[in-house]
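[1] Fold the following, please.
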Amino acid sequence: MSMRGVERVFQVPRQRLAIWLQEEAETLPDLETTLAEPAEEDALELDELWSFVQKKDNKRWIWIALLRSTRQIVAYAIGDRSEATCRRLWERIPARYRRLQTFSDFWEAYQKVVPPEQHQAVGKETGQTAHVERWNNTLRQRVGRFVRTTLSFSKSETFHEIALKLFVFRYNRRRLALISQT
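    Sure thing, here's the model as predicted:
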């Protein structure tokens with residue numbers, strides 16, 4: 001639901017809601033605290049998807065690293081589609097996950113950043129990036145501002161990142177709870 005929608009339904013001023021969301025995002029612990037331990041034979045799936053802030057000409061690429069066995073997001077970065085943003089993603093991946101076999105599409109930034117001995121560029125038909133591609137669909141289905149053709153969109157970089165951070169954190173915690181039950 002958009003912030004205006006929340007404002008109307010719950011009769012909370014948008015400014016108060018914005019402050020609450022910022023405070024909530026700032027108090028979240030490290031994303032690493034929401035992650036299960038990787039298995040020895042586990043793999044990371046890397047992918048990027050675009051969204052926008054204000055207008056479609058102002059694209060923002062969301063880079064994702066997903067742990068295959070748990071479907072949890074290990075790290076993310078928002079930026080352009082450059083090697084620098086890919087490097088920021090790679091540096092945010094905790095060390096114990098960075099040693100895993102890694103699969104991505106053929107985007108050249110991955111070949112420049114991920115060590116070649118553990119990276120494999122694959123096509124979608126192989127199924128090696130199916131989980132991260134599916135996660136991208138989940139993000140677009142559950143958070144309106146990440147849909148490509150929408151009336152719900154981020155009006156600022158700050159709230160674009162806050163929306164992603166809150167979603168990823170809650171998503172990972174739900175996945176961790178499911179893993180703990182088995």
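
[2] ok, longest helix in the protein?
    For the chain, the helix with the greatest residue count under DSSP state H is helix 157-181.

[3] List of residues touching that helix?
    Residues from elsewhere that reach helix 157-181 (CB atoms under 8 Å, 6 or more residues apart in numbering): 3, 18, 21-22, 24-25, 28, 31, 34-36, 51, 53, 60, 62, 70-73, 76, 78, 138-139, 142-143, 145-146, 154. C-beta coordinates here come from the backbone N, C-alpha and C atoms, glycine included.

[4] if you set the cut-off to 7 Å instead, what comes out?
    Contact with helix 157-181 is made by 21-22, 24-25, 28, 31, 34-36, 53, 60, 62, 70-73, 76, 78, 139, 142-143, 145, 154, as judged by CB atoms under 7 Å, 6 or more residues apart in numbering.

[5] Show the buried residues in these.
    In the contacts of helix 157-181, burial by neighbour count holds for 21, 25, 28, 31, 34-36, 53, 60, 62, 70-73, 76, 78, 139, 145, 154, counting by 16 or more other CB atoms under 10 Å.

[6] Restricted to helices, list those residues.
    21, 25, 139.

[7] What separation is there between the last one and residue 50?
    According to CB to CB, to the nearest Å, residue 139 stands 12 Å off from residue 50.

[8] which residues are common contacts for the two?
    Counting by CB under 7 Å, 6+ apart, residue 139 and residue 50 have no contacts in common.

[9] List of residues touching the helix or strand of the chain with the lowest mean pLDDT?
    Counting by mean pLDDT, DSSP states H and E, the chain has its least confident helix or strand at helix 3-10, which shows a mean of 78. The contact list for helix 3-10 (CB under 7 Å, 6+ apart) reads 12-14, 17-18.

[10] any idea where the strands of this protein begin and end?
    Along the chain, the segments classed as strands by DSSP state E run 43-52, 59-67, 72-79, 101-104, 119-121.

[11] Give me the local confidence score for residue 151.
    Looking at residue 151, its pLDDT stands at 56.

[12] swap in the one 4 residues further on?
    Taken from the predicted model, the pLDDT recorded for residue 155 is 61.

[13] Same question for residue 2.
    What the model reports for residue 2 is a pLDDT of 67.

[14] Residue 59 pairs with what?
    Taking DSSP bridges as the rule, residue 59 bridges to residue 52.

[15] you'd agree it is up against residue 50?
    Yes. Counting by CB atoms under 7 Å, residue 59 does reach residue 50; the two are 5.1 Å apart.
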